[in-house]
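Enquirer: generate coordinates for the sequence data below:
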Amino acid sequence: MVKKQTVWLLTMLSLVVVLSVYYVTTPDSPPTNPVTTPMKEGKEAAKEQGASEKTNAKEEKETVFGTGDDYFAQLRLNLTEKRDEMKERLQEVMGSASVSAEKKNEAYDQLQELDNVEAKEAVLETLIKTNGYKEVLVRADGEEVRITVKAQKSSAKEANKIIQLVRGELGTKNVAVQFEPIQ
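Expert: Numbers count the residues shown, from 1 in each chain. Next up is the predicted model:
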């Protein structure tokens, strides 16, 4: 009887370990649920295709640059990719055996500065969002800070308020605020 319980316990523990490893190693991706729509036939489909090809330049511009959440997501993605590449290069320098200790220290300092900038950007985004804005993206690059805000209306007063907030947090002189309309 004891042997069966031991085997059962070990089997269950093994199962828990295997499932834990599987859960930890699988990438986090939202479940996809493809939606099927009936195919349109004949003249109706051709008419819609012809209509979709007749777009004006303004619509094409919006498609290229995106609007709304897509625009912010694309900007964030580009910024993240750029910074990840910079971090990777700096970590390669730090890990290289042929690089002097001085260069490694410089790379480490740059990596720490990059992390600090990211943290300050996150704090600023949160502070600006608390002022009633739906979406905010802060991009700090050296002495320049570019802020893109999704808002119902844009005014010089609101932009000045955001600029003062950024200057208070970062002490940066060059701040640009861009308003994107909510759609």
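Enquirer: surely residue 70 forms part of a strand?
Expert: No: counting by DSSP: H, G, I helix; E, B strand; the rest coil, residue 70 is not part of a strand but helix.
Enquirer: please report how far it lies from residue 134.
Expert: Remark: distance between residue 70 and residue 134 (CB to CB, to the nearest Å) = 14 Å. All C-beta atoms are positioned from the backbone trio N, CA, C, and that covers glycine.
Enquirer: and those two? Which one has more around it.
Expert: The residue with more neighbours, out of residue 70 and residue 134, is residue 134; 14 against 11, by other CB atoms under 10 Å.
Enquirer: excluding chain neighbours, what is closest to that one?
Expert: residue 150 (4.8 Å; CB to CB, 6 or more residues apart in numbering).
Enquirer: so after the helix or strand containing the one you found, what's the next helix or strand?
Expert: According to DSSP states H and E, residue 150 maps onto strand 144-151. Using DSSP H and E, the next helix or strand after strand 144-151 towards the C-terminus is helix 156-170.
Enquirer: for that following helix, which outside residues touch it?
Expert: With CB atoms under 8 Å, 6 or more residues apart in numbering as the test, helix 156-170 has contacts from 120, 123-124, 127-128, 131, 138, 140, 145, 147, 149, 151, 172-173, 175, 177, 179.
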